[in-house]
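Student: sequence plus the predicted model coming up.
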Amino acid sequence: MATTQAQAQQQKVANSNPRTMRAYGVFFAGWLVPGAGHFMERRWIRGVLVLAAVLTLFVCGLEMGGKIYSPNAGDVLDILGFFGDLGAAGLYLLARVAGWGAQPVQIVVADYGTKFLVVAGLLNFIAAVDAHDIALGKKR
Amino acid sequence: MIVSHFTAVLIFAACVSVVFGITQRSETRAMVKYGLYCFALFVVGTIAASWAMALIKR
């Protein structure tokens, strides 16, 4: 019991550590803008590569006629698709505001485009976690 | 934009491999090697699966 309280206290101290708080900021920036987390950690080449990869997948997905999922409580795959799209939060919000990817999927290539959009979000999420690890010193 | 299936695979494999390489390895050299490994697996795996499906269809 005492050990659990001590661990909870340690966790509380760690969470209020400035380095930890900055790491959350790095994660949030990377989540909003692809590559921004790496830029904040001065990993310029990695940031540019992440930005290029995520942006290429996202733009190709839209150009192929892919669908942007909206928040929904219907089919499980639609819900997962929404969370996948949300991985690239800035691009997702931009697409929603501009009305991109709102047309129904009618051809096979458009279905590929939908997968491109989801994977772009998932990759951006992985990259944001990577930037968070760099900020914490877990990775170089 | 209408692309062939193989072009779509190449675009997908290239982008995913870049991010996998960056996020899954720490050293620059290891990142490049892992990225190329992932790219090769994506492309070769897709070609192998395509041939398997074509043979099953026959």
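Tutor: Happy to help now that I have it.
Student: which bits of chain B sit near chain A?
Tutor: Contact residues (C-beta under 8 Å from any C-beta of the partner chain) of chain B with chain A: B:1-3, B:5, B:8, B:11-12, B:14-16, B:18-19, B:22-23, B:26-27. Quick note: C-beta positions are derived from backbone N, CA and C, even for glycine.
Student: buried subset of those residues?
Tutor: For the residues of chain B next to chain A, a neighbour count by 16 or more other C-beta atoms under 10 Å in any protein chain shown gives the buried set as B:Val3, B:Ala8, B:Ile11, B:Phe12, B:Ala14, B:Cys15, B:Val16, B:Val18, B:Val19, B:Ile22, B:Thr23.
Student: how about the host helix or strand of A:Arg46 and chain B, touching?
Tutor: A:Arg46 belongs to helix A:44-63 when assigned by DSSP states H and E. Yes - under the criterion of C-beta under 8 Å from any C-beta, chain B is reached by helix A:44-63 at A:Arg46, A:Leu49, A:Val50, A:Ala52, A:Ala53, A:Val54, A:Thr56, A:Leu57, A:Cys60, A:Glu63.
Student: would you show me how to pick out the buried ones of the residues you listed in PyMOL?
Tutor: Applied in PyMOL, the following selects the buried portion of the residues of helix A:44-63 next to chain B according to 16+ other C-beta under 10 Å:
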select buried, chain A and resi 46+49+50+52+53+54+56+57+60
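Student: among the residues of helix A:44-63 next to chain B, which two are most distant?
Tutor: Maximum pairwise distance among those (C-beta to C-beta): 25.7 Å, between A:Arg46 and A:Glu63.
Student: Throw the buried ones among the residues of chain B next to chain A into CSV and include pLDDT, secondary structure and distance to A:Gln9, thanks.
Tutor: Output for these, formatted as CSV (pLDDT from 0 to 100; DSSP: H, G, I helix; E, B strand; the rest coil; distance: C-beta to C-beta, whole Å):
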residue, pLDDT, secondary structure, distance to A:Gln9
B:Val3, 89, coil, 56
B:Ala8, 95, helix, 52
B:Ile11, 97, helix, 50
B:Phe12, 97, helix, 47
B:Ala14, 98, helix, 47
B:Cys15, 98, helix, 44
B:Val16, 98, helix, 42
B:Val18, 98, helix, 42
B:Val19, 98, helix, 37
B:Ile22, 97, helix, 36
B:Thr23, 97, helix, 32
